[in-house]
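In: Here's my sequence, what's the structure:
(chains A, B, C and D)
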Protein chains: 2
Amino acid sequence: MTVADDPLNTLFDALADPTRRGLLQRLVQDGPDTASHLAVDLPVTRQAVVKHLQSLVEAGLATPERNGREVRYRATPEPLAQAVGWLLAAGARWDERLARLERLAGSRRP
Amino acid sequence: MTVADDPLNTLFDALADPTRRGLLQRLVQDGPDTASHLAVDLPVTRQAVVKHLQSLVEAGLATPERNGREVRYRATPEPLAQAVGWLLAAGARWDERLARLERLAGSRRP
DNA sequence: TCGATGTGCAACTGATCGCTTGCACGTTAG
DNA sequence: CTAACGTGCAAGCGATCAGTTGCACATCGA
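Out: Residues are numbered from 1 along each chain as shown, chains lettered A, B, ... in the order given. You can find the predicted model right below:
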């Protein structure tokens, strides 16, 4: 148990891998699917896909749903909003600084 | 030869670390600063901070500027827009799917 | 000039990652 | 029942990572 693991860590980490982004996109636009089926179109093993999916689950971006002997992963993209929130906050603070600099520089409005 | 390493990889990877996010925030709101000075308030070595900063530079989020014997890193948050773009695209596609499902379900609610 | 300061480079270690392989277990269909 | 299928668990392995340490080099101030 670590110290209050910031959800942004696992979130951005999940998004940092192109395979995971691809999986998330597939789940989003094609609906829930199983690891075995998703692995068919990928150059890696089912187990590798499972681990990628678990990474998405850990980030809150997907949820496993057992149905008989198979497990379908459904996309739950809500946490993406948090990422967007952080990015916009950083950007906003940047714009703020820019505005402040402009003000300090006494630039006239174009 | 790999296939044009997607900039989103290094971008999200840089953002996945809380220390790097913290550094970026400091650079954004406090202006350019050196690795040595940034390292004072952190529980790690200057060299570690340098490597984090290089990660930000690789992602296009910072730029080193040499001034005499010191090197100041300036925040360049423009690439964040790309990240936001991807996230919104994924979200939009999700909403699209939701809308399609609603349409298929024959819901009369617009 | 000389010492203090800021940086860069390289080697090293322990941890984590990505991925595979092998096998056991529950589930479905004939 | 039995055989095929989908999944889960765990060990293993090479590669990469985060971080440190030690040292060389350039630059500034007195």
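In: and the helix or strand residue A:12 falls within, what other elements does it pack with?
Out: Using DSSP states H and E, residue A:12 sits in helix A:7-15. The elements that helix A:7-15 packs onto, with contact taken as 3 or more Cβ pairs under 8 Å, 6 or more residues apart in numbering or on different chains; DSSP states H and E, are helix A:18-30, helix A:46-58, helix A:80-105, helix B:7-15, helix B:18-30. In this view, the C-beta of every residue, glycine as well, is placed from N, C-alpha and C.
In: change it to 7 Å
Out: Where contact means 3 or more Cβ pairs under 7 Å, 6 or more residues apart in numbering or on different chains; DSSP states H and E, helix A:7-15 is packed against helix A:46-58, helix A:80-105, helix B:7-15.
In: Quickly, which of the ones you listed bottoms out on average pLDDT?
Out: Note on these: lowest mean pLDDT is at helix A:80-105, with a mean of 74.
In: one step back: can you tell which of the helices and strands packed on helix A:7-15 is closest to DNA strand C?
Out: Nearest of the helices and strands packed on helix A:7-15 to DNA strand C, taken as Cβ to the nearest atom of the strand: helix A:46-58 at 3.5 Å.
In: quick one, the closest one and helix A:18-30 angle?
Out: 70 degrees (axes from the mean of the first three to the mean of the last three Cα atoms, to 10 degrees).
In: Just confirm yes or no for the helix holding residue A:12 near DNA strand D.
Out: No - Helix A:7-15 lies out of reach of DNA strand D by Cβ under 7 Å from any atom of the strand, never closer than 10.0 Å.
In: Can you give me the buried ones in that helix?
Out: Residues of helix A:7-15 classed as buried by neighbour count (16 or more other Cβ atoms under 10 Å in any protein chain shown): A:8-15.
In: can you redo those residues as a markdown table with distance to residue A:43?
Out: Shown next, in a markdown table, are the buried residues of helix A:7-15 (distance: Cβ to Cβ, whole Å):
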| residue | distance to residue A:43 |
| --- | --- |
| A:8 | 30 |
| A:9 | 28 |
| A:10 | 25 |
| A:11 | 26 |
| A:12 | 24 |
| A:13 | 22 |
| A:14 | 20 |
| A:15 | 20 |
